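Asker: Mind looking at a prediction? Sequence and model below.
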Amino acid sequence: MKTSLVLLVVSLSLTTATVFFSEQFDSMGSWEHSSDDSKGKYTLSKGKYKGDQGLQTSQDAKFYAISTKFPSFSNEGKDFVASFSVTHEQDIDCGGGYLKILPEVTPSDFGGDSKYNVMFGPDICGATKKIHLIFNYKGENLLWKKEPRCESDQLTHFYTFVVHPDNTYEVYVDKEKKESGSLEEDWDFLKPKTIPDPSESKPADWVDEPEMADPEDKKPEGWDDIPEKIVDPDAAKPEDWDDEEDGEWEAPTIPNPDYKGEWKAKMIPNPAYKGPWAAKEIPNPDYVADDKLYLYPATAGVGIDLWQVKSGTIFDDIVIADSLDDAWASFDAAKDRLAAEKKAKEDEDAAKAKEAEEAAKKSEDDDEDDEEEDDEENDEL
């Protein structure tokens, strides 16, 4: 009986999971570029190592905007999962690699100003290599307080996030958890619960300097009599100096090694120190609790809107669902491809290293031959 119950529960959980959108880029399908002709174009490509087709940026130093629509859904009472793969095969130096999950979309008008529910994925520019997870809440895009590092090699990596109805979240890269926590704590969805009491002010006699000048410390006699500079004792009047033409000669000055600078009393602990002053905290009248921070009543599209200095990034394996199992299924299905891609890259790197080693050896041999020829010519002479 227990076995049957377990099987029934598993069966029910499998049948209630929903994949709202999935894309493997067998074709461009319903994806549509922005009508702005100045933006870069995406093409379908398998790339150098990837092995299967994805959507690739194709022009350097361009903004890109492409999107697609699907039937709108609400994630109320459900997990909200988004996963996709990114391949920076151009060894990206500055550019985005993120998706925008949209409440609605008109593909021809999609661009940087379009409203989104969530923006998620890697962003690289110079030393900055981080994962974005930005939520829109009541019209404001909220930046993540955390900045986990993204992958920056030339291989394919899967980025996944899940937001739960209890307002918690997790972020994974290649099925490995990178971050997790509370929406309320890690983004500024809500005003703070408490604020410093605005009616309070620091008392006039409050001492917040931890140290003070020692009143018993006295300046040594003669301290101020020592000049900062002195005449250079090693300087001598030049032999060709003419007082009538050049004026009266004066020896140059140099820093005085005995000069100690401005005198200051030594510092000692301040006996009156009370620590930093802070007003007491009171309930914030602007704080409004919200137990549905996770909720987006309408999600109806996906867009890829970004800037890249050097093109070549490939997007693939997009899944939007209400179960992490669907994201893991997408990742697991790509395991053989990812292994083949890694081996192809390693083989190419090894071939390049061998080629460089052989070129260096040939250059060294040529130099030795030149030296031998020079020695023979010198012997003949």
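Answerer: Thanks, I have the structure now. Residues are numbered from 1 along each chain as shown.
Asker: which parts of the longest strand seen in the chain are buried?
Answerer: Longest strand in the chain, counting residues (DSSP state E): strand 62-73. Of the residues in strand 62-73, 62-70, 73 count as buried by neighbour count, 16 or more other CB atoms under 10 Å. Placement of C-beta: from N, CA and C, glycine included.
Asker: ditto for stretch 338-346
Answerer: Buried-residue list, stretch 338-346, by 16+ other CB under 10 Å: 338, 341, 345.
Asker: Ok, stretch 257-272 next?
Answerer: So stretch 257-272, judged by 16+ other CB under 10 Å, has zero buried residues.
Asker: How far does it stretch from one end to the other?
Answerer: Here the two ends of stretch 257-272 are set 39 Å apart, with distance taken as CA to CA, to the nearest Å.
Asker: Report the contact partners of the nearest residue to K264 once chain neighbours are set aside.
Answerer: Leaving out its chain neighbours, the residue that sits closest to K264 by CB to CB, 6 or more residues apart in numbering is A213, at 7.3 Å. Taking CB atoms under 8 Å, 6 or more residues apart in numbering, we find A213 in contact with 264-268.
Asker: In strands, which of the residues you listed appear?
Answerer: Using DSSP E, the contacts of A213 in strands are 267-268.
Asker: could you dump the contacts of A213 to JSON lines with pLDDT and distance to D291?
Answerer: Below are the contacts of A213 laid out as JSON lines (pLDDT from 0 to 100; distance: CB to CB, whole Å):
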{"residue": "K264", "pLDDT": "93", "distance to D291": "58"}
{"residue": "A265", "pLDDT": "93", "distance to D291": "58"}
{"residue": "K266", "pLDDT": "95", "distance to D291": "57"}
{"residue": "M267", "pLDDT": "95", "distance to D291": "52"}
{"residue": "I268", "pLDDT": "95", "distance to D291": "53"}
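Asker: Out of the contacts of A213, which is nearest to P297?
Answerer: Lowest distance from P297 to these (CB to CB) belongs to M267, with 60.7 Å.
Asker: residues touching the closest one, list them.
Answerer: 211-214.
Asker: rerun at 10 Å
Answerer: M267 makes contacts with 209-214, 217, as judged by CB atoms under 10 Å, 6 or more residues apart in numbering.
Asker: Kindly report the same for D332.
Answerer: Applying CB under 10 Å, 6+ apart, the residues near D332 are K175.
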